[in-house]
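Chemist: need coordinates for the below:
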Amino acid sequence: MTDPGSPDPHPVTGGSAPSPAALRKWRGRLADEREEAKVYRSLASRRDGEEREILLELAEAEERHAAHWANLLGEEIGPERHGDFRMRVLGWLARHFGSVFVLALAQRAETRSPYDTDIDATPAMAADERVHEEVVRGLAARGRNRVSGTFRAAVFGANDGLVSNLALVLGVSGGGVSSQAVLLTGLAGLLAGALSMGAGEYVSVRSQRELLSASTPGPTAHTAVPMLDVNANELALVYRARGMPADEAQRYAAALLQNYPNRLEPSGDASEQGHDVVGTGIGAALSSFCFFATGAAIPVLPFLFGLTETAALIVAVVLVGLALLLTGAIVGVLSGGPPLRRGLRQLAIGLGAAGITYLLGLLVGGSLD
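Modeler: Residues are numbered from 1 along each chain as shown. The predicted structure is shown next:
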């Protein structure tokens with residue numbers, strides 16, 4: 001018989017009624033899971049095919065987790081709450097953009113799951129979150145492959161523009177030249193560097209695509225399959241030349257001969273995927289040119305607005321420092337790494353290079369006096 005003075009047992013756990021702190025935690029967990037499910041549904045609405053199905057299944061899994069917390073709360077569920085602020089921001093980004101950056105942020109959110117140490121979460125829920133991280137990592141990897149060529153050119157272009165032109169401006173300023181000369185040097189560095197970066201990216205990407213094309217199977221190679229000697233089966237040499245072990249190549253070639261017509265390569269071969277990763281020469285060149293010019297313009301802006309030399313240099317260093325932090329953080333988000341650490345690393349490298357150039361300018365300028 002239950003002691004009339006003791007609290008009623010919890011309908012799910014069977015223990016005593018949960019404390020106010022436990023109720024607050026459960027309500028927070030419920031809100032976070034609902035918010036996360038919304039993120040995946042928003043991302044799914046901007047995709048189709050297999051990626052859409054995967055995201056919808058992730059949303060259903062998060063809703064199962066939400067049901068666990070709702071079940072624990074029972075009548076104490078209370079009014080619907082907002083989830084974690086970071087998750088709400090992620091939800092807004094998913095609704096309005098749905099890009100690889102949102103997937104990368106979702107990947108980081110999955111790594112912060114507290115269920116491994118939460119005694120109120122089931123072991124299955126903790127395992128789900130670990131698997132979700134890998135699923136989102138795979139989806140993000142697809143997105144990274146689609147944008148990596150142009151994105152690489154854009155990031156490298158912006159950083160090169162920021163660092164090289166700041167170093168150039170600081171170097172000639174350290175040499176003791178006038179503000180007008182610093183401005184002219186900075187503008188010349190902007191134009192020359194942007195053209196050089198654009199041309200270099202175009203040549204680089206075109207060369208990569210030509211190398212990939214050279215590795216693509218010949219378009220008429222499959223027409224020789226019906227006439228091959230089944231006993232000699234030189235088709236196996238094709239696969240051995242591409243790195244397949246001899247026994248496996250022999251089995252694969254024999255199966256192909258039995259099931260002709262087929263192509264020598266499965267659909268969606270590595271060369272096609274490689275072209276997607278590399279991107280286009282024009283796209284990479286334009287991205288590199290525009291982002292280098294944008295980055296290189298920042299150290300020049302204070303001189304364009306007529307600030308005194310000392311003030312212009314200080315403003316230029318501050319603006320470039322902020323831009324380096326931003327680009328480093330963006331790379332960190334896209335790569336799934338810590339944005340702040342990547343931003344600080346970018347800042348240290350960029351300002352370090354510019355500082356060395358400034359010191360060299362002081363030494364050279366002093367020796368010429």
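Chemist: buried ones in the helix or strand hosting Glu62, by neighbour count?
Modeler: Using DSSP states H and E, the element containing Glu62 is helix 49-73. Of the residues in helix 49-73, those scored as buried under the neighbour-count criterion (16 or more other CB atoms under 10 Å) are 51, 54-56, 58-59, 61-63, 65-66, 68-70, 72-73. All C-beta spots, glycine's among them, are computed from the backbone N, C-alpha and C.
Chemist: from these, which is closest to Ala94?
Modeler: Using CB to CB, the shortest approach to Ala94 within the buried residues of helix 49-73 belongs to Leu55, at 9.7 Å.
Chemist: please name the nearest non-neighbouring residue to the closest one.
Modeler: When the adjacent residues along the chain are set aside, Leu55 lies closest to Ala44, with 3.8 Å between them (CB to CB, 6 or more residues apart in numbering).
Chemist: what about that neighbour, neighbour count?
Modeler: Around Ala44 sit 20 other residues, with neighbours defined as other CB atoms under 10 Å.
Chemist: which residues touch it?
Modeler: Residues in contact with Ala44, defined by CB atoms under 8 Å, 6 or more residues apart in numbering, are 51-52, 55-56, 59.
Chemist: among those, which two are most distant?
Modeler: Of all pairs drawn from the contacts of Ala44, the greatest distance, 12.8 Å, lies between Glu51 and Ala59 (CB to CB).
Chemist: before we move on, the earlier item: mean confidence (pLDDT) on the helix holding Glu62, please.
Modeler: Helix 49-73 shows a mean pLDDT of 90.
Chemist: so what touches it?
Modeler: Contacts made with helix 49-73 from outside it, assessed by CB under 8 Å, 6+ apart, are listed as 12-13, 18, 23, 26-27, 29-30, 33-34, 36-38, 40-41, 43-44, 47, 77, 120-122, 125, 128, 132, 135-136, 139, 142.
Chemist: out of those residues, name the ones that lie in helices.
Modeler: Mapping the contacts of helix 49-73 onto helices (DSSP state H) picks out 23, 26-27, 29-30, 33-34, 36-38, 40-41, 43-44, 125, 128, 132, 135-136, 139, 142.
Chemist: buried only: go through the residues you listed for me.
Modeler: Going by neighbour count (16+ other CB under 10 Å), these have 23, 26-27, 29-30, 33-34, 36-38, 40-41, 43-44, 125, 128, 132, 135-136, 139 buried.
Chemist: in the protein, what secondary structure element scores lowest on mean pLDDT?
Modeler: helix 270-278 (a mean of 46; mean pLDDT, DSSP states H and E).
Chemist: immediately after that helix, which helix or strand?
Modeler: In N-to-C order, the element after helix 270-278 by DSSP H and E is helix 281-297.
Chemist: who does that next one touch, helix- and strand-wise?
Modeler: helix 123-174, helix 179-214 (3 or more CB pairs under 8 Å, 6 or more residues apart in numbering; DSSP states H and E).
Chemist: pLDDT below threshold where in the stretch 51-200 of the chain?
Modeler: Applying pLDDT under 70 to the stretch 51-200 of the chain picks out residues 96-99, 143-153.
Chemist: on the three-state scheme, Met244 is what?
Modeler: The local conformation at Met244, judged by DSSP: H, G, I helix; E, B strand; the rest coil, is coil.
Chemist: ok, it - contacts?
Modeler: Contacts of Met244 were listed using CB under 8 Å, 6+ apart, and they are Tyr252.
Chemist: for Ala253, see how far away it is.
Modeler: 9 Å (CB to CB, to the nearest Å).
Chemist: does Ala158 really touch Gly295, like I thought?
Modeler: Yes. Counting by CB atoms under 8 Å, Gly295 is a contact partner of Ala158 at 4.2 Å.
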